[in-house]
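Give the three-dimensional model of this entry:
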Amino acid sequence: MTIRFALAKGRVAKKAIALLIELGYVFDDYSEKSRKLIFQDTTGAIAFFLVKSPDVATYVEKGAADIGIVGKDVLLEHPAKVYEMLNLNIGKCRMCVAGYPDRPLPYGKKLVVGTKYPVIAKNFFQTKKQLVDIIKLNGSVELAPIIGLSDCIVDIVESGSTLKENGLAVLEEICQISSRLIVNQVSLKTKRTSIDPIIKAFETQLTTDV
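Modelled structure (predicted):
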């Protein structure tokens, strides 16, 4: 029985694949330049495929994948009926409200917020009972407050260097973000004898790395 992994393309996938290799899985047909879509280990125990981050939870929820590895930001922005089993502590960063440090946000009035993460932003400001006008952006989010499009932004922050270079700063932290291992709800029941050892191996590897 092959357990199928859906991995988010990019740095998370590279680290996840490295982790699978550390666990002893061998993917003879895998290379970053390969045009193949699915890669299976030599024992046939697992196979993985690469998809865009927002699609990982969908593949797992619908049963096209048994297990997925994706950032917590995706799970918050695109809620899915999956089991979140492990915090893998890779791709660690923060979801933050950012803006000009010398311009207090006009709380009490409607805030204009630029973000790639409208669901996360809306939910965060709702908890503060703050009215907001969310502007969905797909890139260069830091530009929004600089040109007056928004009062602030909600975005992922790693080092904060991009914010600093543009005169911006973190005003408030919303939550910590890192990659999570998620499992299809049905697969966890019907393939438990195959999935449990994989999860246990990840847990052991994480403990060893610490």
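
just checking, what packs against the longest helix anywhere in the chain?
When secondary structure is assigned using DSSP state H, the longest helix within the chain turns out to be helix 192-209. Counting contacts by 3 or more CB pairs under 8 Å, 6 or more residues apart in numbering; DSSP states H and E, helix 192-209 packs against strand 3-8, helix 11-22, strand 82-87, strand 179-184. C-beta here means a position set from N, CA and C on the backbone, and glycine is covered the same way.

how far is the second one from where the chain is centred?
To tie it back to what came earlier, the one meant is helix 11-22. The chain centroid and the centroid of helix 11-22 are separated by 14 Å under CA atoms, centre = their mean, to the nearest Å.

So Glu61 sits against Asn184, correct?
Yes: in this structure, Glu61 sits in contact with Asn184. The criterion is CB atoms under 8 Å, and the distance is 7.0 Å.

Please say which of these two ends up with more neighbours.
The residue with more neighbours, out of Glu61 and Asn184, is Asn184; 26 against 18, by other CB atoms under 10 Å.

Find residues that contact each of Glu61 and Asn184.
When contacts are counted by CB atoms under 8 Å, 6 or more residues apart in numbering, Glu61 and Asn184 are jointly contacted by Val82.

ok, so what distance separates the residue most central in space within the chain from Glu32?
Relative to the mean C-alpha position of the chain, the nearest C-alpha, by CA atoms, centre = their mean, is the one of Gly71, at 1.6 Å. Note on Gly71: its distance to Glu32, by CB to CB, to the nearest Å, is 20 Å.

Then Gly108?
Distance from Gly108 to Glu32, counting by CB to CB: 50 Å.

swap in Leu7?
With distances taken as CB to CB, Leu7 is found 13 Å from Glu32.

and the two? which has more neighbours close in?
With other CB under 10 Å as the criterion, Leu7 and Glu32 differ in neighbour count, and Leu7 comes out ahead with 26 against 7.

quick one: pLDDT of that one?
According to the predicted model, the pLDDT of Leu7 comes to 94.

Run through the residues that contact it.
If a contact means CB under 8 Å, 6+ apart, then Leu7 has 13, 16-17, 48-51, 56, 68-70 as its contacts.

can you rerun that using 7 Å?
By CB atoms under 7 Å, 6 or more residues apart in numbering, Leu7 lies in contact with 13, 16, 48, 50, 69.

Which residue ranges of the protein form strands?
Assigned by DSSP state E, the chain shows strands spanning 3-8, 38-40, 46-51, 67-71, 82-87, 93-99, 111-115, 132-136, 152-157, 169-177, 179-184.

And the protein, split by domain according to the record?
If you go by automatic domain parsing, the domain ranges for the chain are 3-91+178-209, 93-176.

Can you flag the weakest of those domains by average pLDDT?
domain 3-91+178-209 (a mean of 91).

Off-centre distance for that one?
Shown here is domain 3-91+178-209, whose average C-alpha point lies 12 Å from the average C-alpha point of the whole chain (CA atoms, centre = their mean).

and if you look at stretch 152-167?
On CA atoms, centre = their mean, the centre of stretch 152-167 falls 18 Å from the chain's centre.

Just the residues contacting that stretch, thanks.
The contact list for stretch 152-167 (CB under 7 Å, 6+ apart) reads 73, 93-100, 105, 111, 113-117, 120-121, 124, 141-142, 144-146, 169-171, 174, 177.
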